[in-house]
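1. Turn this into a structure:
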Amino acid sequence: ASSVIDAALFPATEHAARMEMGRDAQNLERGKEVTANDPRMAYTYGEFPVSSFDELIDLAESISEGYGGSGRRRTLVDIGSGCGRLVMYAALTRGEHYDTCGIEIGEPLHRAAVRALERGWNAGYVSP
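-> Residues are numbered from 1 along each chain as shown. Alright, predicted model coming up:
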């Protein structure tokens, strides 16, 4: 699944463009210094490693099993999902147990997520 994410849906050749979209969504100018207390920093964009994502989800699952959460279908919601990379990865790797949903307020990032979803549909990796 990570190879599908990295090669087909979110190619490394587009990484710089995705980072630029993140800066645009924050209204940040390239090369200008931004202080830590700048309110625009609440909307930072970065790409979380899928291996770390797997570890976090596995940990959350092990904790929820102690509360009677095992065996049920779950919903994974990524708030601030950016280009949808982790949402698509979760759909590919955990889709039989999870419904996945991404929420993104940055318009350029949302559009990129929709394009990636369409690529995934067209390639047969995911279905609506």
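
2. Please make it C-alpha for all contacts and neighbour counts, starting now.
-> Will do.

3. where does residue 35 land in three-state SS?
-> Under DSSP: H, G, I helix; E, B strand; the rest coil, the three-state class of residue 35 is coil.

4. and it, how many neighbours does it have?
-> When counting by other C-alpha atoms under 10 Å, one arrives at 9 neighbours for residue 35.

5. Can you list phi and psi of it for me?
-> phi -80, psi 160 (degrees, to the nearest 10).

6. and the gap between it and residue 42?
-> Relative to residue 42, residue 35 is positioned 12 Å away (criterion: C-alpha to C-alpha, to the nearest Å).

7. cool, and residue 85?
-> When C-alpha to C-alpha is the yardstick, residue 85 and residue 42 sit 19 Å from each other.

8. higher neighbour count, these two?
-> Regarding residue 85 and residue 42, a neighbour count based on other C-alpha under 10 Å identifies residue 85 as having more, with 23 against 10.

9. surely that one meets residue 10?
-> Yes - counting by C-alpha atoms under 8 Å, residue 85 touches residue 10, with 7.0 Å between them.

10. which residues of this structure score low on pLDDT?
-> Along the chain, the parts satisfying pLDDT under 70 run over 66, 68-70, 128.
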